[in-house]
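>>> Need coordinates for the following:
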Amino acid sequence: MLGLDDAEIRAAQGRLERSLDRSGGPDGCWPWTRALTRGYGVLHVGSKARGTFRVVKAHRLAYEMATGESPESIDHLCHDADTCDGGEGCRHRRCCNPAHLTAATLGQNSARTKAGVQRDTCRRGHPRTPDNIYESPSGARQCRICNRERQRVQTPQQRRRAGTGDRRPEGMSAEQLVEWALEGQEGDACWFWPHLARSREGYTKVRVNRRTLLAHRLVYEVRVGSVPPGAVVDHACHDPRTCRGGPSCRHRACINPSHLIATSREVNTSRGRASHRKPDECKWGHPFTPENTYMTPKGARTCRTCRAARLRESRERHKVRSGWADGRHRAGGQCRNGHDVADVGVDEHGDCRGCLADRQARSNETRRERRAQTRPRPGWVDGRRRADGRCRNGHDLAEAGVGSTGRCRACRRAEYEKRKAKDTTAFASFTPTATAPKPMGPASPGTRAALPPGREPLGRPCGCLRLWSSMAHSRYSGSNIT
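Residues are numbered from 1 along each chain as shown. Down below sits the predicted model:
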């Protein structure tokens with residue numbers, strides 16, 4: 001099966017058994033609780049060393065292990081085309097119960113999937129009759145009513161590009177404007193204001209007598225009656241079970257008078273929040289019952305079945321080897337290298353001190369070997385001393401001596417004299433030049449007055465130069481070089 005040996009088949013079977021949820025019983029669906037690809041469960045089997053590693057679908061692996069057959073396609077009998085639309089959101093694709101799987105051809109499998117998608121009505125409830133169906137060039141079926149509604153609701157850019165805009169006649173009252181907007185619209189479906197796009201909030205707004213009003217509220221006041229004080233106009237066509245509400249809700253732009261009701265703001269808000277209710281089951285299909293719901297310390301809701309499966313996998317993944325107390329120490333009180341932990345002890349991190357000492361000894365030995373491989377040049381003791389007792393510049397180290405860092409004192413004195421001669425030459429060659437004072441006008445507020453006669457700046461060194469002279473003199477007078 002799949003070119004696997006017995007050990008790889010047992011490993012794949014164990015991984016499959018650990019990742020299935022059998023809480024539904026032998027007759028229920030066994031959903032896959034791990035990774036998904038296009039709605040199907042997937043897992044890896046085989047070995048990379050043997051070249052048998054591959055990723056397979058979980059339901060195909062379960063069917064082949066149960067029957068020993070490898071058909072062209074495998075279909076799910078638990079999938080009901082009348083209640084499920086199929087596709088990647090179909091929860092039956094995760095089912096791995098062999099009793100719910102059957103061999104089928106690709107054509108049969110695709111026909112059962114399309115049967116759930118091709119219903120008698122479109123997603124907005126319009127009947128798919130021959131008169132209301134339009135076959136696109138790609139072969140897709142489209143609802144003609146939905147196409148006309150999409151053409152009416154245009155963006156401002158589309159209106160400017162097409163030159164349509166609000167095509168209502170000029171000088172119409174509110175009653176005449178509503179009658180013009182509802183002309184030709186019939187049936188129980190949602191009606192929309194012609195040639196107007198929805199606002200950012202999802203509503204249609206019209207301008208009447210220099211006032212911007214909500215289109216559905218204007219239609220209600222004209223066709224039904226005035227809105228009571230403190231009430232709002234709600235859309236009865238909005239179904240919280242099928243529409244999530246918000247700015248993307250297309251029912252907000254509906255102006256069908258039979259779909260509009262006056263209600264309080266609290267009721268309107270509660271019906272909108274009902275669209276954002278929490279799901280009744282987790283993403284793996286487990287119901288959020290009081291027994292199966294776990295509230296985290298942060299207040300998040302978690303499925304107990306999925307949580308138990310994750311903990312079980314974690315224990316299997318970190319399972320301690322037989323004969324070991326943990327990952328570091330054996331059951332007999334020894335470390336992985338055989339040191340008796342009771343004798344050598346452990347450090348603050350729980351590591352064996354004997355292992356640490358062995359590691360340090362090996363590091364020192366490696367360092368000594370590298371030092372021995374780096375030999376000095378012939379005739380030299382090291383990089384500073386020759387074999388005859390002289391430094392690299394020829395000074396006798398026994399007479400000149402060496403400093404605390406091992407350097408020759410005569411070499412250090414020669415470098416010092418060289419720096420001193422360089423600084424003295426630079427100081428002696430400095431010749432200050434006299435500069436004429438800059439002309440200054442009469443004193444002004446915030447500026448310094450001009451110098452009086454007899455106090456013009458002379459060509460003598462400034463205080464900075466005198467300070468440098470004193471520092472240089474103290475630097476080279478009576479200094480002891482060691």
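>>> Name the residues of stretch 50-69 that are buried.
56-65 (16 or more other Cβ atoms under 10 Å). (C-beta placed from N, C-alpha, C; glycine too.)
>>> Need those in a markdown table (columns: secondary structure, pLDDT and distance to C282).
Listed next are the buried residues of stretch 50-69 as a markdown table, based on DSSP: H, G, I helix; E, B strand; the rest coil; pLDDT from 0 to 100; distance: Cβ to Cβ, whole Å:
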| residue | secondary structure | pLDDT | distance to C282 |
| --- | --- | --- | --- |
| V56 | strand | 89 | 25 |
| K57 | strand | 91 | 22 |
| A58 | helix | 90 | 18 |
| H59 | helix | 90 | 20 |
| R60 | helix | 89 | 24 |
| L61 | helix | 89 | 23 |
| A62 | helix | 90 | 21 |
| Y63 | helix | 90 | 25 |
| E64 | helix | 88 | 28 |
| M65 | helix | 87 | 27 |
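>>> Out of those residues, the closest to A81 would be?
H59 (18.1 Å; Cβ to Cβ).
>>> Relative to W32, how far out is the closest residue in space to the closest one that isn't next to it in sequence?
Distances taken as Cβ to Cβ, 6 or more residues apart in numbering put C96 closest to H59, at 4.8 Å, once the chain neighbours are dropped. Distance check for C96 against W32: by Cβ to Cβ, to the nearest Å, it reads 6 Å.
>>> overlap in contacts of those two?
Common contact partners of C96 and W32 (Cβ atoms under 8 Å, 6 or more residues apart in numbering): 20, 41, 58-59.
>>> just these now: which is nearest E135?
Proximity of those to E135 (Cβ to Cβ) peaks at H59, which lies at 34.1 Å.
>>> With adjacent residues omitted, what lies nearest to T263?
In space, T263 is closest to D234, 4.7 Å off (Cβ to Cβ, 6+ apart).
>>> after the strand or helix carrying the one you found comes which helix or strand?
For D234, the host element (DSSP states H and E) is strand 231-235. Going down the chain from strand 231-235, the next helix or strand is strand 260-264, by DSSP H and E.
>>> In terms of secondary structure, what does that following strand contact?
With contacts defined as 3 or more Cβ pairs under 8 Å, 6 or more residues apart in numbering; DSSP states H and E, the packing partners of strand 260-264 are helix 215-223, strand 231-235.
>>> how about 10 Å then?
helix 215-223, strand 231-235, helix 265-273 (3 or more Cβ pairs under 10 Å, 6 or more residues apart in numbering; DSSP states H and E).
>>> Need the residues that contact the helix or strand just after the last one.
Just to be clear, that refers to helix 265-273. Using DSSP H and E, the helix or strand that follows helix 265-273 in sequence is strand 293-295. Here strand 293-295 makes contact (Cβ atoms under 10 Å, 6 or more residues apart in numbering) with 282, 286-287, 300-308.
>>> all helices of this structure, in order?
6-18, 58-67, 106-117, 144-152, 156-162, 174-182, 215-223, 265-273, 304-317, 341-344, 353-373, 397-400, 409-428, 463-475 (DSSP state H).
>>> With respect to P257, which of the ones you listed lies nearest?
In terms of Cβ to Cβ, the element of the helices of the chain nearest to P257 is helix 215-223, at 4.2 Å.
>>> If you count contacts, what does the closest one end up packed against?
Right, helix 215-223 is packed against helix 174-182, strand 205-208, strand 211-214, strand 231-235, strand 260-264 by 3+ Cβ pairs under 10 Å, 6+ apart.
>>> The third one - which strands sit beside it in the sheet, and in what orientation?
Spelled out, it's strand 211-214. Counting by DSSP bridges, the strands paired with strand 211-214 are strand 205-208 (antiparallel).
>>> now the partner strand: how far from the chain's centre is it?
43 Å (Cα atoms, centre = their mean, to the nearest Å).
>>> buried stuff in stretch 245-252?
The neighbour-count check on stretch 245-252 (16+ other Cβ under 10 Å) flags 245, 249-252 as buried.
>>> possible to save these as CSV with distance to N147?
Putting the buried residues of stretch 245-252 into CSV (distance: Cβ to Cβ, whole Å) gives the following:
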residue, distance to N147
G245, 24
C249, 20
R250, 14
H251, 19
R252, 20
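>>> that older thread, packed most tightly, which of the helices and strands packed on strand 260-264 would that be?
helix 215-223 (a mean of 21; mean count of other Cβ atoms under 10 Å).
>>> what's the angle from that one to helix 174-182?
Orientation of helix 215-223 against helix 174-182 (axes from the mean of the first three to the mean of the last three Cα atoms, to 10 degrees) gives an angle of 120 degrees.
>>> would you put the C-alpha positions of helix 215-223 in PDB?
Only the C-alpha atoms of helix 215-223 are listed here, as PDB (Å, rounded to 0.1, in the frame of the first residue of the first chain):
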ATOM      1  CA  ALA A 215     -33.400  56.600   1.100                       C
ATOM      2  CA  HIS A 216     -35.200  53.800   3.100                       C
ATOM      3  CA  ARG A 217     -36.400  56.300   5.800                       C
ATOM      4  CA  LEU A 218     -37.700  58.600   3.100                       C
ATOM      5  CA  VAL A 219     -39.600  55.800   1.400                       C
ATOM      6  CA  TYR A 220     -41.100  54.700   4.700                       C
ATOM      7  CA  GLU A 221     -42.300  58.200   5.500                       C
ATOM      8  CA  VAL A 222     -43.900  58.600   2.100                       C
ATOM      9  CA  ARG A 223     -45.400  55.200   1.600                       C
END
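>>> Next one: the residue nearest to H59 from G24, what distance?
With Cβ to Cβ as the criterion, C96 and G24 are 11 Å apart.
>>> again with C95
Applying Cβ to Cβ to C95 and G24 gives a distance of 9 Å.
>>> what does H395 give?
From H395 to G24 the distance is 94 Å (Cβ to Cβ).
>>> The two: who's more crowded?
Remark: of H395 and G24, H395 carries more neighbours, 18 against 14, as counted by other Cβ atoms under 10 Å.
>>> Now do the buried residues in stretch 143-150.
143, 145-146, 149.
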